[in-house]
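>>> Requesting a structural model of the entry that follows:
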Amino acid sequence: MSGDLERRLADLVAAVSDGEISAEEALAGEHSLSALGLTSLAWIRLVDAIEDAFGVDVDLGGDLSAFDRVDALAAHVSDLLDTR
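Residues are numbered from 1 along each chain as shown. Okay, the predicted model is just below:
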């Protein structure tokens, strides 16, 4: 599941960045999503897309380090899915 979840999230990153960041770049994990150029607007779009796609509520008041890389984001979303 983790690989599938990471792929879905990488696809969302590509979509919300309007293709500026490819899913492959996001999956590679060589750089943080911010370093790859994910803008603040794209971050908000990503949170909305995650909430819509997975039916979870992302708390932006907490630790946002889960949004640095797709693998960490997948772990965070997986935890959210487990607790709903």
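>>> so where's this protein shaky on pLDDT?
The chain contains residues with pLDDT under 70 at 1, 62-66.
>>> Who are the packing partners of the helix or strand where A26 lies?
A26 is part of helix 23-28 when elements are defined by DSSP states H and E. Packing partners of helix 23-28 (3 or more Cβ pairs under 8 Å, 6 or more residues apart in numbering; DSSP states H and E): helix 2-16, helix 33-36. Any C-beta I mention is one placed from the backbone N, CA and C, and that applies to glycine too.
>>> For the longest one, could you pull out the residues that count as buried?
Along helix 2-16, the positions that meet the burial threshold by neighbour count (16 or more other Cβ atoms under 10 Å) are L5, E6, R8, L9, A10, D11, L12, V13, A14, V16.
>>> Switch the helices and strands packed on helix 23-28 over to TSV; also include distance to A72.
Converted to TSV, those look like this (distance: least, Cβ to Cβ, whole Å):
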stretch	distance to A72
helix 2-16	10
helix 33-36	10
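>>> between those, which gets nearest to L46?
Smallest distance to L46 across these (Cβ to Cβ): 4.7 Å, for helix 2-16.
>>> list the helices and strands the closest one packs on?
Counting contacts by 3+ Cβ pairs under 8 Å, 6+ apart, helix 2-16 packs against helix 23-28, helix 40-54, helix 70-82.
>>> a markdown table for the ones you listed, including distance to S34 and mean neighbour count?
As requested, the helices and strands packed on helix 2-16 are exported to a markdown table (distance: least, Cβ to Cβ, whole Å; neighbours: other Cβ atoms under 10 Å):
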| stretch | distance to S34 | mean neighbour count |
| --- | --- | --- |
| helix 23-28 | 12 | 18 |
| helix 40-54 | 8 | 15 |
| helix 70-82 | 12 | 17 |
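>>> Sweet, I'm off.
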